[in-house]
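**Q** Fold the stuff below for me.
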Amino acid sequence: MSSYRTTSTNNGLLAYGLKFGIFSLLFLFSVLSFAQSLHLKGKVMDVTNKAPIGYATVAAIGSTNASSTDDDGNFILKVDPVFSKVRISFVGYESQDVSINNETYQELTVYLVPEEHTIETIEITAPRRARYSNKNNPAVELIRQVIAHKDENRMASYEYAEYRQYEKVSLGLSNLSEKFKNRKVFKNYQFLFEKEDVETGGRTRGYTLPAYIEERLSQIYTRKKPNTTKQLILAEQRAQFDPKFVDNDGLSAYFNKLYQDIDIYESNIELVTNQFLSPIAGSSPTFYRFYITDTVKTETPYLVELSFFPRNKADLLFQGKLYITLDGKYAVKRADLSVADDINLNFVRDLDVKLDFEQDSNNRYYLKTSSLGLDFSLTDKGTGIKGNRTVTFDGFKTDIVQPDSIYAGPSVVKIVQENDTALDETYWATHRPIALKPNEQNIYRNIDTLQLIPSFQRFMDISALVLSGYKQAGPVEIGPVNTFYSFNPVEGFRLRIGGRTTDRLSKRFYAEAYTAYGFKDEKWKYFLSGTYALNNKSVYTFPQHYLRASIMRDTKIPGQNLEFVQEDNFLLSFKRGENERYLYNDIYRLEYKREFENNFSYLIGLSKWRQQPAGILTYQMLDDQGNNRLFNELNTTELSVSLRYAPHEEFYQGKLYRTPIYNKYPIFYLNYVAGLKNVLSGEYDYHNFTLGADKRFYFSQLGYADVNIEGNYILGDHIPFPFLNIHRANQTYAYQLRSYNLMNFLEFVSDHSVSANVQYYMNGFLLNKIPLIKKLKWREVFSAKVIYGGLRDENNPAYTNDVFQFQKNDDNEPITYGFSDKPYVEASVGLTNIFKFIRVDYVKRLNYLDQPDVPKHGIRVRVKFDF
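**A** Numbering: from 1, shown residues only. Next up, the predicted model:
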């Protein structure tokens, strides 16, 4: 097998689906390690008056070993190195969790914050505690000065700036014990393990297993008017896995999404896919408590050490220290950020941010180094996945006017070409501002060696099957396995087998096929497609450019176009109510797709579609005498054009679908479908236009909302309802984001409509304020779905006999309708983050309740992995 280390130039694609893989690794490696003890000593004081706190408890979190402070607030504690935090607590104060490192001897200074609404005990020796208030508080006055001077201290205040930026992201398993290392499963992987050395004392804490590293060297240009940032990537390299198992670009982008740039001057800082309120945001005094804890006179200018804590430790807030200059600029010179142990954040055991700023020739401060450490784990104990992103900035220059051509085009441009052999280790050794550690240097070689081991190949093959549903079989993949068995009222039990070719067979031509059999209708179904890549890349790789031809014979529920799932998915086989109206479809399709680097794409298609009613679905029309006339099939030929623009879109490319991750940028789409009468047996003329947009709106501490707005209009007369807009309903018990969860199949049709879909996630903002409940770390979610439309008389069977009659039930009651003078509305309130991955909604339908067999409310469930 060839080595997969490259100097890549492809933009990373974000990997929401990869979260499940990381959670699986955390579960796999959740074991305890063992090493020598750590020795801690320190002092505990009241943050409001610096008075020592005697008899406070100091204990390693998860351990029974504890100590207490003496009358002067001093303590000594011996800690097993498997524990990464100690908790300091005392009656009347909020407990403080402090991270410890792997040094054998450590000294700590801890400030405890008085609890709000605590009844003071009458004790002569107890330090006097004043209730915290923003009013007349010098620490709050200081932070307000920092806020007032933000604009002049941040990078955006420069008319022009440029600098060299070096980034390094490294990850691996940590705190591994000797017992773990010597397990039989790792017999062939001993070369991967590294001794985890402490900085002093010469002792070891255990083993690490470095697993990933990525480096990037860039030149950055910024200007104020117009506000533009240009990044020229000069060199890039990363450890890579076999691309038949892993989307390396998606993996890179996913890690870079987790380990993002930290700009303390931004009001909201995005970390691990969540937004944290900056301690110097305009609203920070409302959410944080600030204390002046020290003055640093060993530096020029003098610095004030400003400690801050979240008012509510469950909210998405930081805690830590800011070092503010006393030169009238009130700039941040250093920042140490972490999070409270009780924060409503999943799978993150520890978070540590360090920012250092340096003064330039204009006596302003620019960011010199940035370090972000994250420790992911399923539990507070045991092994986790620990990573660090380090960024250094050199060659900072200002007021150098660059030509407009520098800023033209995409915001990120890669100068280096993929697999550039000039970027060898000699190049990196001379251009890295900080040398790699020995264990980091070994990662590149170890990953290449690892992929030559048969047992590791089998592990990756099994992982791909579990996570993607496809099994490797030489140049083909068999799957997806979740469609092999399903059932529905028309086909009964349904068995299906399928697969597709990979780039091992051809890098230009890809084939996909499946066959299925229903034991009730005793009919075979099938699908066959051939795709030719026009850019010599996999048809599943961005940017796509291909020509595809396909043929399909299969069943379908009218109006159902599921995204990111197959309709014959076993879990979607369970449905409520009557759902025996199906179609047999014969579809021949030819399509051409082209994507561009700016995330604009278009798709042109031509299809011939024959549909036959199945189950109890009927196509019937009244003749002039009022008699029913049945139709056994319906034929149409369609020409379609789809346009899509998704600026700055990021996603993870899975085996089946791209899993998009929302950011702050909107996504626009326009779809046009034309029915061509008398072309390839087409029977109808119509023109179907759909225009829509998706956007995520962020509300800082109040969460975020995903909003979709869509409009549809169909031109044409005497169009039968199968070619109208049959609004997407959901009769399963799963909550579907894009469907109306209490609408029945075929219930509403229209030839013009507008709709809005809002999903609002509050991230626990309300529940975090409720005692005991906040311990569960549940989060609130609200939704509202509204659609309003109409049906012109020439397409409404109530006014013309030239179109198919709407469907009726066994009691001869209509079950298909056009909209009246009011919209259809359903709303839900629910809880997410139940057991960290379950969402449960109570959904209520607000109108059209008098129609037969419609549910008024219901409980729906959805699986949602999130940090």
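**Q** Could I get the pLDDT score of Glu649?
**A** For Glu649, the pLDDT comes out at 85.
**Q** and it, how far is that from Phe668?
**A** 11 Å (CB to CB, to the nearest Å). Just so you know, the C-beta spots here come from the backbone N, C-alpha and C atoms, and that holds for glycine as well.
**Q** who's more crowded, the two?
**A** Glu649 (19 against 15; other CB atoms under 10 Å).
**Q** Now the more buried one: phi and psi?
**A** Main-chain dihedrals, Glu649, degrees, to the nearest 10: phi -70, psi 140.
**Q** Who's the closest spatial neighbour of it, skipping the chain neighbours?
**A** Spatially, and ignoring its direct neighbours in sequence, Glu649 is nearest to Asn599 (4.8 Å; CB to CB, 6 or more residues apart in numbering).
**Q** How about the contacts made by that neighbour?
**A** Shown in contact with Asn599 (CB atoms under 8 Å, 6 or more residues apart in numbering): Tyr645, Ala646, Pro647, His648, Glu649.
**Q** Then Ala614?
**A** Val490, Asp521, Thr555, Arg581, Tyr582, Leu583, Tyr584.
**Q** Can you name the residues bridging to it?
**A** Beta-bridge partners of Ala614, counted by DSSP bridges, are Tyr582.
**Q** And stretch 278-292, end to end?
**A** Stretch 278-292 stretches 18 Å from its first residue to its last (CA to CA, to the nearest Å).
**Q** what comes up buried for it?
**A** Neighbour-count burial for stretch 278-292 flags Ser278, Pro279, Ile280, Ala281, Ser284, Pro285, Phe287, Tyr288, Arg289, Phe290, Tyr291, Ile292 (criterion: 16 or more other CB atoms under 10 Å).
**Q** Specify which member of the residues you listed is nearest to Gln701.
**A** Gln701 has its nearest neighbour among those in Phe287, at 6.4 Å by CB to CB.
**Q** Put together TSV for the buried residues of stretch 278-292, with distance to Pro52, pLDDT and secondary structure on each row.
**A** Shown next, in TSV, are the buried residues of stretch 278-292 (distance: CB to CB, whole Å; pLDDT from 0 to 100; DSSP: H, G, I helix; E, B strand; the rest coil):
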residue	distance to Pro52	pLDDT	secondary structure
Ser278	32	95	coil
Pro279	26	96	coil
Ile280	30	96	coil
Ala281	33	94	coil
Ser284	29	95	helix
Pro285	28	95	helix
Phe287	29	95	helix
Tyr288	25	95	strand
Arg289	20	94	strand
Phe290	21	95	strand
Tyr291	16	93	strand
Ile292	18	92	strand
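**Q** Among those, which one lies nearest to Thr501?
**A** The closest of the buried residues of stretch 278-292 to Thr501 turns out to be Ser278 (CB to CB; 49.8 Å).
**Q** now the helices: where do they sit in this protein?
**A** Shown for the chain, the helices assigned by DSSP state H span residues 18-28, 138-148, 150-153, 178-181, 248-258, 284-287, 404-407, 425-431, 438-450, 454-468.
**Q** Report the rounded mean pLDDT for the last one.
**A** Averaging pLDDT along helix 454-468 gives 71.
**Q** just stretch 337-348 next, same as before
**A** For stretch 337-348, mean pLDDT is 89.
**Q** So that it lines up with my notes, have the first residue be 59 from now on.
**A** Taking 59 as the first residue, the last one we looked at is stretch 395-406.
**Q** from the chain's centre, how far out does that stretch sit?
**A** Distance of stretch 395-406 from the chain centroid (CA atoms, centre = their mean, to the nearest Å) equals 17 Å.
**Q** Only alpha carbons, please: show it as CSV.
**A** The C-alpha trace of stretch 395-406 is given here as CSV (Å, rounded to 0.1, in the frame of the first residue of the first chain):
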residue,chain,number,x,y,z
LEU,A,395,-9.4,31.0,29.6
SER,A,396,-11.0,27.8,30.7
VAL,A,397,-14.5,26.6,31.5
ALA,A,398,-16.4,25.6,34.7
ASP,A,399,-16.8,22.0,35.4
ASP,A,400,-20.6,22.3,35.4
ILE,A,401,-20.8,23.9,32.0
ASN,A,402,-23.5,22.5,29.7
LEU,A,403,-21.0,21.2,27.1
ASN,A,404,-20.8,17.6,26.0
PHE,A,405,-17.8,15.3,25.8
VAL,A,406,-15.3,18.1,26.6
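**Q** Could you check how far the residue of the chain positioned farthest from its centre is from Tyr677?
**A** Here the chain reaches farthest from its C-alpha mean at Gln683, the gap being 59.8 Å by CA atoms, centre = their mean. Using CB to CB, we find Gln683 at a distance of 19 Å from Tyr677.
**Q** Retrieve the pLDDT associated with Lys455.
**A** pLDDT at Lys455 comes out at 91.
**Q** okay, and for the stretch 609-758 of the chain, where does confidence drop off?
**A** 619-631, 710-715, 717 (pLDDT under 70).
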